[in-house]
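> 3D model of this:
(one chain, ligands or ions: 1)
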Amino acid sequence: MYTDIKTILDDASKNNYGVLAASAINLELARGLIAAADELQAPLIILMGQIQMTKHARADVMVPLIRTLAEETNVPVALILDHGRDWDVITHAFRNGFSSIMIDASAYEMEENIKRTQKIVELCHPQGVAVEAELGHVGQASSGDQDLSEFYTKPEDVTEFLSHTHADCLAIACGTAHGQYPKGVIPQIRFDIIRAVKEVTDVPIALHGGSGSGDENIKRAVEAGINKVNVCTEIFNYVRDDIRKALDENPDLDLLSLVSRAERAAKEIGKHFILLTGSQGKAANFQKTSGFAHGFAELNLGIGE
Ligand code: 13P
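Below you'll find the model as predicted:
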């Protein structure tokens with residue numbers, strides 16, 4: 001079923017578990033990830049970034065695709081514009097049927113961040129579109145931003161930020177960064193920040209930059225209070241490496257077999273992260289409100305083989 005992040009994450013926050021939020025920019029990633037969620041009966045959030053959307057994953061094509069796949073399973077699936085920064089891109093995603101929007105004004109001082117977030121909430125909430133905001137700033141792993149404590153969310157700011165913005169989910173900065181860490185680097189997650197934020201709010205909280213954080217760290221972050229675990233790079237790399245392996249084994253592999261294999265790889269890595277978040281079986285917490293009832297896993301995903 002197609003839904004929004006608030007529906008999914010309120011349950012996760014109430015029942016202390018995490019939900020995988022995974023990037024999908026094409027058919028194979030979307031099908032593989034949704035099949036993983038269906039098999040494990042877990043809620044799932046699909047991320048599509050502002051840059052990804054501008055460069056490749058056109059909203060008018062991807063939204064109907066993801067909605068269709070979501071309606072073929074009983075597990076709740078939300079689609080969120082990830083790191084929306086520009087009004088034009090945000091309203092484009094909004095008009096095209098994203099169920100959720102992230103406004104990332106985290107590069108600004110808190111007052112400006114509040115103002116920009118309020119504007120998006122005013123646009124979205126009357127239409128039932130859920131909003132994620134960011135307080136503190138999650139930077140880039142390639143610049144070592146995960147170690148910059150001045151970027152970390154200050155738990156004492158959280159209540160004020162949320163009371164002014166009414167965001168449905170809050171991304172916090174607590175020692176991770178986006179993208180690929182240098183070889184051998186595993187981020188030091190500040191679990192104390194996660195716990196301190198959780199103490200002052202019931203609003204679900206999100207960890208960005210899940211890739212390369214280490215399985216134990218992700219589990220501990222969820223135990224500390226994280227409800228949404230964003231992962232992109234590690235999923236893309238896993239699928240890319242699997243494609244490379246397939247072509248190494250058989251350079252003449254036909255394209256249909258290759259893309260089917262990519263989809264299977266997306267399902268495998270999706271299942272891995274879903275299990276880390278503890279959302280397996282949690283689809284049972286949600287009432288099916290739309291779509292039809294057969295399981296996605298029943299569909300023939302192995303076409304071309
Ligand atoms: P990674 O690519 O580091 O997993 O980050 C994903 C993310 O946080 C998207 O918002």
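> show me the contacts for residue 104.
Residue 104 is in contact with 83, 84, 85, 133, 134, 171, counting by C-beta atoms under 8 Å, 6 or more residues apart in numbering. Yep, even glycine has a C-beta here, placed from its N, CA and C like the rest.
> surely residue 20 touches residue 280?
No - between residue 20 and residue 280 there is no contact under C-beta atoms under 8 Å: 10.4 Å.
> which one of the two has more residues nearby?
More neighbours surround residue 20 than the other of residue 20 and residue 280, with 30 against 16 (other C-beta atoms under 10 Å).
> tell me the SS of the more buried one?
The local conformation at residue 20, judged by DSSP: H, G, I helix; E, B strand; the rest coil, is strand.
> how close does it get to residue 4?
16 Å (C-beta to C-beta, to the nearest Å).
> residue 64 is in what secondary structure piece?
helix 59-71 (DSSP states H and E).
> so for whichever helix or strand comes after that helix, mean pLDDT?
Next along the chain after helix 59-71, taking DSSP H and E as the criterion, comes strand 77-84. Averaged across strand 77-84, pLDDT comes to 98.
> cool, stretch 207-227 as well?
Mean predicted lDDT for stretch 207-227 stands at 98.
> so how far is that stretch off the chain centroid?
Counting by C-alpha atoms, centre = their mean, to the nearest Å, stretch 207-227 is centred 13 Å from the centre of its parent chain.
> export only the CA atoms of that stretch, formatted as PDB.
What follows is stretch 207-227 as a C-alpha-only set of coordinates in PDB (Å, rounded to 0.1, in the frame of the first residue of the first chain):
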ATOM      1  CA  LEU A 207      19.700   8.800  10.700                       C
ATOM      2  CA  HIS A 208      21.200   9.900   7.400                       C
ATOM      3  CA  GLY A 209      24.400   8.500   5.900                       C
ATOM      4  CA  GLY A 210      23.600   5.000   6.900                       C
ATOM      5  CA  SER A 211      26.100   3.500   4.300                       C
ATOM      6  CA  GLY A 212      29.400   2.300   5.800                       C
ATOM      7  CA  SER A 213      28.200   3.000   9.400                       C
ATOM      8  CA  GLY A 214      28.600  -0.700  10.300                       C
ATOM      9  CA  ASP A 215      25.900  -3.200  11.100                       C
ATOM     10  CA  GLU A 216      26.400  -3.000  14.900                       C
ATOM     11  CA  ASN A 217      26.300   0.800  14.800                       C
ATOM     12  CA  ILE A 218      23.000   0.800  12.900                       C
ATOM     13  CA  LYS A 219      21.400  -1.700  15.400                       C
ATOM     14  CA  ARG A 220      22.600   0.400  18.300                       C
ATOM     15  CA  ALA A 221      21.400   3.600  16.700                       C
ATOM     16  CA  VAL A 222      17.900   2.100  16.400                       C
ATOM     17  CA  GLU A 223      18.100   0.900  20.000                       C
ATOM     18  CA  ALA A 224      19.000   4.400  21.100                       C
ATOM     19  CA  GLY A 225      15.900   5.800  19.300                       C
ATOM     20  CA  ILE A 226      16.400   6.200  15.500                       C
ATOM     21  CA  ASN A 227      13.300   5.300  13.500                       C
END
